[in-house]
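[1] Give me coordinates for this.
(2 chains)
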Protein chains: 2
Amino acid sequence: MSDAPTTKQSILLVQRPAGEVDVSCFSLVERAVDELHDGDVLVKNLYLSCDPYLRLRMEQDFVLGAPVVARALGQVVTSKSPRFSPGDFVWGFLGWETYSTTRADNLFAVDPELGPLSHALSVRGMIGLTAWIGIYDIIQPTPGDTVVVSAGAGAVGSVAGQLARLAGARAIAIVGGPDKARHAIDFLGYDAAIDYKAPGSLRDALALACPQGISGYFDNVGGAVLNAVIDNLAPGARLAMCGNISSYNSDAEPPGIALHRMLGTGGTMKWFSINDHMDRVAAFPARVAPLVSSGRLAYYEQIGEGIENVPQAFLGLFRGENLGKRLVKIADFA
Amino acid sequence: MSDAPTTKQSILLVQRPAGEVDVSCFSLVERAVDELHDGDVLVKNLYLSCDPYLRLRMEQDFVLGAPVVARALGQVVTSKSPRFSPGDFVWGFLGWETYSTTRADNLFAVDPELGPLSHALSVRGMIGLTAWIGIYDIIQPTPGDTVVVSAGAGAVGSVAGQLARLAGARAIAIVGGPDKARHAIDFLGYDAAIDYKAPGSLRDALALACPQGISGYFDNVGGAVLNAVIDNLAPGARLAMCGNISSYNSDAEPPGIALHRMLGTGGTMKWFSINDHMDRVAAFPARVAPLVSSGRLAYYEQIGEGIENVPQAFLGLFRGENLGKRLVKIADFA
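    Presented below is the predicted three-dimensional model:
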């Protein structure tokens, strides 16, 4: 490992987003590395995570003038905790910055034997577990079921669709654009993919792709897509309500959902958040890694380079740019 | 029993409702009683049921020019089935008519020892079981919970609120008008009642009445009331989605539901219909009757008189006239 640094670069939240978030919300600055106290660890960050939910946190929760708190994967430089030694790989809710000082208790160990390091922020991490909970805990697909995944080629959706197929169900992706549709079928193995931006009615396209009705729906987007899904449900459908990206980047009230059309479906909508399942995070990597290493679960990451490019990588999420998980690599491991 | 009649009066559906249903949809006629075949029973109807869901059936399912198919309670006049004898009390999906000829298999026996006959069409029947399933199967209230019931003084809501209280929860009714609010508290025993027609915000009134948040919601109405409830949910709230009367009597698309506000609640919405639980109907009367006869479960019925008054009694449901269950008595038992 390199010697402990005295300064770091951090991306601060300098303005709360209103309406469409843009680069003026962020500022890249050079600051002193915080002093370590007993129990602290200094982490050199290697990968920073860009996630849609950060938009909501920026509106309210994050401290103005402080670094954006996002998941980061890194390597321990200095440790004042018996839990970690220099060189250990870890991830945690650190920050969009080159180095982070944190309590060791806030970190998860990363086993580099399990596969690519970056997967600890994606398919082996909270992203993969989110998909797992929605599919196996809530939708519980079986052969004969048809499972539709919105943002089906996105970070979470990529995993959700494949898990549904591993359980024997047909899996249909809803995606934005023909490139994503191709990726959904060719790389992720969906049985069909529907481009919601294509001309024609999404409602009709779903009816065509799901002749038995939709028995499971993994929702990452809400809004008009959800309304189209509601009109195509099979009896007793299970809807895993995970995200609502269609509403995140706007101050306007999103379109209402035609919930009266659920009457008579016997359906269930279950909202869930990975934050309520953090007790499962530590064991998950070893559970899912064999699926990935054996090739049963494909995973695609879009990895940018350089901390200065993190804001644009994040903003692109709301323009529907991303395929799979969006990360930014800011350093090599030692 | 009187001799078998040769004619009967029937209320026919002569026009499908569009927009607000009115009396022009119905016609009261005199017709011949149908001939009985083996396995058939002739029933003299005593009570006819008026239910909001009939509005939806009138739009599509019912045969134009045939009697409205609604639940009726009556007494067997002639039987060509070993299952029933003249004088037996029964209920079934018969019709808005004075006599019905039906297969014996379509009838449920009514035990007159269990309590008032009319209760077989209300608290001891599908109405009571609907409330039971929403409360005990879906919401599962415990002490410490706050359960809100919309149309809380209506046929189903009346039972739902009381069952929530019997399970130890606080129960809050949402009702239309001060008379219903009084009835909800004084007669049904709710802890509080909110008049959604009163000036001011329903959202704020719910916040005041439910300082711990709403942990269970029994929805009979949908629409704006549901939106106000969503803004007051406790973490992990269970929503039993039973009816949507706010949308039944209009051709206009009902207001959309702000479902994106469910994000982060960990809530569950479960749509259910008594039609999926018909296997529980036969055993239910004996299960619930002791609660009623012991006074633990109060029940109010609005009983009109005369078959000619059935259409108006039905239409009044959509003007929010009814308190408890609305029936029309059309004959005395023998």
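[2] Phi, psi for A:P112 please.
    A:P112 adopts backbone torsions of phi -70, psi -10, taken as degrees, to the nearest 10.
[3] how about it, what does it touch?
    With contact set as Cβ atoms under 8 Å, 6 or more residues apart in numbering or on different chains, A:P112 has these partners: A:F89. Where C-beta positions appear, they are placed from N, C-alpha and C, glycine not excepted.
[4] Who is A:I303 paired with across the strands?
    When assigned by DSSP bridges, A:I303 has beta-bridge partners A:L327.
[5] ok, then the element right after the helix or strand hosting A:L208?
    Secondary structure from DSSP states H and E places A:L208 in helix A:202-209. Using DSSP H and E, the helix or strand that follows helix A:202-209 in sequence is strand A:214-219.
[6] Dump that following strand to PDB, keeping only the CA atoms.
    The C-alpha trace of strand A:214-219 is given here as PDB (Å, rounded to 0.1, in the frame of the first residue of the first chain):
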ATOM      1  CA  ILE A 214     -48.400 -11.000 -16.000                       C
ATOM      2  CA  SER A 215     -48.100 -13.100 -12.800                       C
ATOM      3  CA  GLY A 216     -45.100 -11.200 -11.400                       C
ATOM      4  CA  TYR A 217     -44.000  -7.700 -11.900                       C
ATOM      5  CA  PHE A 218     -40.700  -6.200 -10.600                       C
ATOM      6  CA  ASP A 219     -41.300  -2.400 -10.600                       C
END
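[7] got the angle between that strand and helix A:202-209?
    130 degrees (axes from the mean of the first three to the mean of the last three Cα atoms, to 10 degrees).
[8] What pairs with strand A:214-219, parallel or antiparallel?
    strand A:146-150 (parallel), strand A:233-241 (parallel).
[9] Need the winner for burial among the ones you listed.
    strand A:146-150 (a mean of 31; mean count of other Cβ atoms under 10 Å in any protein chain shown).
[10] How far off centre is that one?
    17 Å (Cα atoms, centre = their mean, to the nearest Å).
[11] Which residues of chain A lie near chain B?
    Selection of chain A residues close to chain B by Cβ under 8 Å from any Cβ of the partner chain yields A:222-223, A:226, A:241, A:243-244, A:247, A:253-260, A:262-273, A:276.
[12] Of those residues, which qualify as buried by neighbour count?
    Using 16 or more other Cβ atoms under 10 Å in any protein chain shown as the burial test, the residues of chain A next to chain B include A:222-223, A:226, A:241, A:243-244, A:247, A:254-260, A:262-273 as buried.
[13] Tell me which entries of those lie within helices.
    A:G223, A:L226, A:S247 (DSSP state H).
[14] how about stretch A:111-130: buried residues?
    Buried residues in stretch A:111-130 (16+ other Cβ under 10 Å): A:114-115, A:117-130.
[15] A:T142 - how many residues pack around it?
    When counting by other Cβ atoms under 10 Å in any protein chain shown, one arrives at 11 neighbours for A:T142.
[16] residue contacts, the residue in the stretch 1-150 of chain A that chain B sits nearest to?
    Per Cβ to the nearest Cβ, A:L56 is where the stretch 1-150 of chain A lies closest to chain B, at 8.2 Å. Residues in contact with A:L56 (Cβ under 8 Å, 6+ apart) are A:Y248.
[17] Moving C-terminal from the helix or strand where it lies, which element do we reach first?
    Taking DSSP H and E as the criterion, the element that holds A:L56 is helix A:54-60. Counting by DSSP H and E, the next helix or strand C-terminal to helix A:54-60 is strand A:71-79.
[18] which residue sits closest to the residue of the stretch 151-300 of chain A found nearest chain B, ignoring its sequence neighbours?
    At 1.3 Å from chain B, A:G256 is the closest residue in the stretch 151-300 of chain A, using Cβ to the nearest Cβ. Nearest non-adjacent residue to A:G256, counting by Cβ to Cβ, 6 or more residues apart in numbering or on different chains: B:G256, 1.3 Å away.
[19] quick one: contacts for the one you found?
    A:P255, A:G256, A:I257, A:A258, A:L259.
[20] Considering the residues you listed, which is situated nearest to A:L64?
    Proximity of the contacts of B:G256 to A:L64 (Cβ to Cβ) peaks at A:P255, which lies at 30.8 Å.
[21] separation between that closest one and B:E113?
    54 Å (Cβ to Cβ, to the nearest Å).
[22] so where's chain A shaky on pLDDT?
    Low-confidence segments of chain A (pLDDT under 70): A:1-2.
[23] could you redo the last one with a cut-off of 90?
    Residue ranges of chain A with pLDDT under 90: A:1-4, A:18-21, A:245-255, A:320-322, A:333-334.
[24] Tell me how many other residues crowd A:A4.
    Neighbour tally, A:A4, other Cβ under 10 Å: 13.
[25] Is the residue nearest to it when sequence neighbours are not counted bridged to anything, and to what?
    Spatial nearest neighbour of A:A4, excluding adjacent residues (Cβ to Cβ, 6+ apart): A:T78 at 5.0 Å. Applying DSSP bridges to A:T78 gives these bridge partners: A:L42.
[26] number of nearby residues for A:T78?
    20.
[27] Next up, the contacts around it.
    A:A4, A:L36, A:V41, A:L42, A:P86.
[28] please redo it, this time with the cut-off set to 7 Å
    By Cβ atoms under 7 Å, 6 or more residues apart in numbering or on different chains, the residues touching A:T78 are A:A4, A:L36, A:L42, A:P86.
[29] Buried among these? Make that a PyMOL selection.
    Selection of buried members from those for PyMOL, criterion 16+ other Cβ under 10 Å:
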select buried, chain A and resi 36+42
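[30] Which of the contacts of A:T78 fall in strands?
    A:L42 (DSSP state E).
[31] what sits up against the helix ranked longest in chain A?
    Criterion DSSP H: the longest helix present in chain A is helix A:155-166. Helix A:155-166 has contacts (Cβ under 7 Å, 6+ apart) with A:122-123, A:127-128, A:130-132, A:134-136, A:141, A:147, A:149-152, A:171, A:173, A:188-190, A:216, A:218, A:220, A:242, A:296-300, A:324-326.
[32] Just the buried subset of those, please.
    The neighbour count (16+ other Cβ under 10 Å) marks A:122-123, A:127-128, A:130-132, A:134-135, A:141, A:147, A:149-152, A:171, A:173, A:188-190, A:216, A:218, A:220, A:242, A:297-300, A:324-326 as buried among the contacts of helix A:155-166.
[33] Sitting in helices, which of those residues do you find?
    Judged by DSSP H, the subset of the buried ones among the contacts of helix A:155-166 located in helices is A:I127, A:G128, A:T130, A:A131, A:W132.
[34] and which of those is nearest to A:L46?
    A:I127 (17.0 Å).
[35] any idea how far the closest residue to that closest one other than its chain neighbours lies from A:W271?
    With sequence-adjacent residues excluded and distances taken as Cβ to Cβ, 6+ apart, A:I127 is closest to A:A155, at 5.0 Å. Separation of A:A155 from A:W271 (Cβ to Cβ): 19 Å.
[36] again with A:L46
    33 Å.
[37] Much appreciated, bye for now.
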